[in-house]
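Novice: Can you look at this prediction? I've put the sequence above it.
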Amino acid sequence: MDTAFVTSKQQRTWREIRDYLMIALAMTCYSIGWTVFLLPNHITTGGVPGIASVVFWATGINVQYTYFAINGLLLIAAFIILGWKFVVKTVFAVVWMTLFLPIVQHATDGWNLLHDQPFMACVIGAALCGSGVGIALSNNGSSGGTDIVAAIVNKYRDITLGRVILLTDVIIISSSYFVLHNWEMLIYGYAALFICSFMVDQVVNSARQSVQFFIVSKKYEEIGRHINKDLHRGVTYIDGVGAYTGLNVKMMFVLAKKRESTTIFRLIKDIDPNAFVSQSAVIGVFGEGFDKIKVK
């Protein structure tokens, strides 16, 4: 009992540490995409970084100050309205990015990457920003900004998070025209928004992809025990009869994350190389160990 509790506690601690490390990586990617590719080429992104970019072009105030100030106000509102659990990892993300932005700016001072190729700068910068947001969301984090606004609006109005974020981002990007007075840069801003949204979906969906296995083996008990013990995945035994042989067989049904597929195949091969295995992708898996059911 005590040993199981300690192991479980250690696992939870490691998962929390992993979340924070991945959020730090996510904000690092976002910082590079924003300040190295988008900001120097006058391409506006969405959210608070977009507002910080517009303020920087209009007044010369460094982006990290505007970014931190706006997110600070939004986090206070989120703490009051949504509670502290939503805020903790978002605070970490905002602080990390605020501290990392001047480091990136100093390290890349004088660089003019893709200065004469704004479209490539738009694609690479938006891809890095979108990947950063996607990594953060996949690890129970948030980049703050419009995510907070969307969550607050969604609490009181039946409007989807995606619609609120899209609307606010379009308004922010459109406002850059009043500072830059350049229709071309405005179009690049919309392109960056689309690419960023696409990358967020790709990263989040790839992290959440699940697969199902049907496994037929004479060593089903040993395989099932190892899947339970090593991967902490449930195994369901199903009684079956082979149509050709007429023999009774045990078939295992397993649901797992896509990234765990290789481990499962190696485990099966080590125990029973002659096992019959069927693997298929599933659209969604909800419940213990997977996504939560989110239906109103």
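Specialist: In hand now; what should we look at?

Novice: State whether residue 115 and residue 37 are indeed in contact, as I suppose.
Specialist: No: counting by C-beta atoms under 8 Å, residue 115 sits too far from residue 37 to count as a contact (10.4 Å). To be clear about C-beta, it is placed using only N, CA and C from the backbone, and glycine gets the same treatment.

Novice: Residue 116 in helix, strand or coil?
Specialist: Under the three-state scheme (DSSP: H, G, I helix; E, B strand; the rest coil), residue 116 adopts coil.

Novice: hmm, back to that, out of residue 115 and residue 37, name the residue with the larger neighbour count.
Specialist: residue 37 (26 against 10; other C-beta atoms under 10 Å).

Novice: so where does the closest residue to that one other than its chain neighbours fall, helix or strand?
Specialist: Nearest residue to residue 37, sequence neighbours excluded (C-beta to C-beta, 6 or more residues apart in numbering): residue 125, at 3.0 Å. Per DSSP states H and E: residue 125 is located in helix 118-138.

Novice: show me what contacts the closest residue to residue 34 other than its chain neighbours?
Specialist: For residue 34, ignoring the flanking residues on the chain, the nearest one in space by C-beta to C-beta, 6+ apart is residue 49 at 5.3 Å. Contacts were defined as C-beta atoms under 8 Å, 6 or more residues apart in numbering; by that measure residue 49 touches 30, 34, 63, 67, 129, 145.

Novice: same deal with residue 238?
Specialist: By C-beta under 8 Å, 6+ apart, the neighbours of residue 238 are 250, 251, 252, 253.

Novice: Highest neighbour count among those residues?
Specialist: residue 252 (21 neighbours).

Novice: Enumerate every residue touching that residue.
Specialist: 213-217, 220, 223-224, 227, 235-238.

Novice: From those, list the buried ones, please.
Specialist: 213, 215, 216, 217, 220, 223, 224, 227, 235 (16 or more other C-beta atoms under 10 Å).
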